[in-house]
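In: here is a sequence together with a model predicted from it:
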Amino acid sequence: MNMPYRVSMKRAFLLAAAALAIGTAAHAEPVKIGVSPVASSGAVFVALENGYFSEQGLEPTLVFFQAAQPVAVAAASGDIDFGSTALTAGFYTMAGQGILKIIAAQSHEMPNYQSNAFIVSNKAYDAGFRRITDMSGHSVGVNAVGSSTHYSLGLMAEKYKVPLKSLKIDPLQSFANQVSALLGGQVDSIVIPSTIANPLVEKAQAHLIAYVGDETPWQIGALFTSTRMADTNPGLTRRFLLAYKKGAAAFHDAFAGSHGKATSSPEAQKILLILAKYTKQSAETLASSIPYMDPEERLDVADIHHQIAWYKAHHLLAPGIDPAKVIDSRYAVPLAQQ
């Protein structure tokens, strides 16, 4: 007697669930995310592939850039909603003016993790440029003056007491230009993401001098948005952060070993394939190019202050820029200092 009723009720329930799913998908909120095709954008790639943005009712579109500074410009202009990339003097200038805000960390330079590399041309290596201390008098290609690669070079030069003015620093504006200049003999060396550097070394087209994280750990990247977005749409911002941090946690847990980076687990292999999809590199190459990512994307606030002070000391930032205005404390969680 009641069987048709139960069947019809079950069917109605399934139809309602399907309608709800369709309605949710139809009302997903679009977000544009500025990234570079490198492993340090991994939290975004993993969150996208694992459906973490969809869980938060967001429909992400990735916008790729070949340098960090244009990501900041795009966020400031509203062409993208969020940027996940390396920090630059140009970013700090806009953030210091109240246009942009850091809302979480991205990748960190850390020992045993390979986010960026310092490599030299075969010609320069054969001529004796084989250690960081050998770089005095040589040309070094960076992405741009005031870029993260410029800052990394400055930290290494400071550590080994090599005056920056003893180097010929060439701002080459893109990763592709850096590689072309190195292979073409226009520069002796470059500082570049290891996602790009390691294949050159593997093919004997360049020589590895050092990984930046092994020499000078620092907070290389951050997640940021416009102040307008942070102020006027806190709900979307927090939902984005939930998905982003879930991606970072998955990234961290896949590669965190008992003695540093590990890449052999099934989960690590899965994420390497995700990275390969978006960086256009092989999973095997990427295994030696994994950056460190805090599982909660906590921000090294002390290092942000140090970066700003360094850029000011080298006349790349206005003296009046206040580090406290760069970080949005409503969203960013500080990394506990040891």
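Out: Yes, it's here.
In: give me phi/psi at the closest residue to Ile327 other than its chain neighbours?
Out: Using Cβ to Cβ, 6 or more residues apart in numbering and skipping the chain neighbours, the partner closest in space to Ile327 is Ile102 (4.9 Å). Placement of C-beta: from N, CA and C, glycine included. According to degrees, to the nearest 10, the main-chain angles of Ile102 amount to phi -80, psi 130.
In: and Ile102, how far is that from Gly146?
Out: Relative to Gly146, Ile102 is positioned 17 Å away (criterion: Cβ to Cβ, to the nearest Å).
In: for the two, indicate the residue with more neighbours.
Out: More neighbours sit around Ile102 than around the other of Ile102 and Gly146, counting by other Cβ atoms under 10 Å; the figures are 27 against 23.
In: re the thing from before, got a list of what the residue nearest to Ile327 touches?
Out: In this structure, Ile102 makes contact with Ala95, Ala222, Leu223, Phe224, Leu299, Ile304, Val326, Ile327, Asp328, Ala332, judged by Cβ atoms under 8 Å, 6 or more residues apart in numbering.
In: for those, pick the one with the most neighbours.
Out: Note: the member of the contacts of Ile102 with the most neighbours is Phe224, at 31 neighbours, neighbours being other Cβ under 10 Å.
In: could you give the mean pLDDT of the helix or strand harbouring that residue?
Out: Secondary structure here is read from DSSP states H and E; on that basis Phe224 sits in strand 221-226. pLDDT averaged over strand 221-226 equals 97, rounded to a whole number.
In: gap between it and the chain center?
Out: Counting by Cα atoms, centre = their mean, to the nearest Å, strand 221-226 is centred 10 Å from the centre of its parent chain.
In: so what secondary structure elements neighbour that strand?
Out: Other elements packing on strand 221-226 under the criterion 3 or more Cβ pairs under 8 Å, 6 or more residues apart in numbering; DSSP states H and E are helix 69-77, strand 82-86, strand 100-105, helix 234-255.
In: quick one: the helix or strand following it to chain centroid distance?
Out: Sequence-wise, the next helix or strand beyond strand 221-226 is helix 227-232, with elements assigned using DSSP H and E. Taking Cα atoms, centre = their mean, one finds helix 227-232 lying 22 Å from the centre of the chain it belongs to.
In: buried ones in helix 227-232?
Out: Neighbour counts over helix 227-232 (16 or more other Cβ atoms under 10 Å) mark Thr227, Met229, Ala230 as buried.
In: residues touching it, excluding its own?
Out: Counting by Cβ under 8 Å, 6+ apart, 78, 81-82, 98-101, 103, 236-237, 328, 330-331 sit against helix 227-232.
In: tell me how far Tyr292 lies from Tyr113.
Out: When Cβ to Cβ is applied, the distance between Tyr292 and Tyr113 equals 4 Å.
In: between the two, what contacts are shared?
Out: Looking at what touches both Tyr292 and Tyr113 (by Cβ under 8 Å, 6+ apart), the common residues are Gly213, Lys261.
In: tabulate the buried residues of helix 227-232 in a markdown table, adding columns for distance to Tyr160.
Out: Output for the buried residues of helix 227-232, formatted as a markdown table (distance: Cβ to Cβ, whole Å):
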| residue | distance to Tyr160 |
| --- | --- |
| Thr227 | 39 |
| Met229 | 41 |
| Ala230 | 39 |
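In: nearest to Thr195 among those?
Out: Using Cβ to Cβ, Met229 is the member of the buried residues of helix 227-232 that lies nearest Thr195, at 28.4 Å.
In: how much space separates Ala309 from Asn143?
Out: Per Cβ to Cβ, Ala309 is found 21 Å from Asn143.
In: ok, His27 next?
Out: His27 sits 39 Å away from Asn143, taking Cβ to Cβ as the criterion.
In: likewise for Phe82?
Out: Using Cβ to Cβ, Phe82 is found at 21 Å from Asn143.
In: since that was my last question, I'll sign off now.
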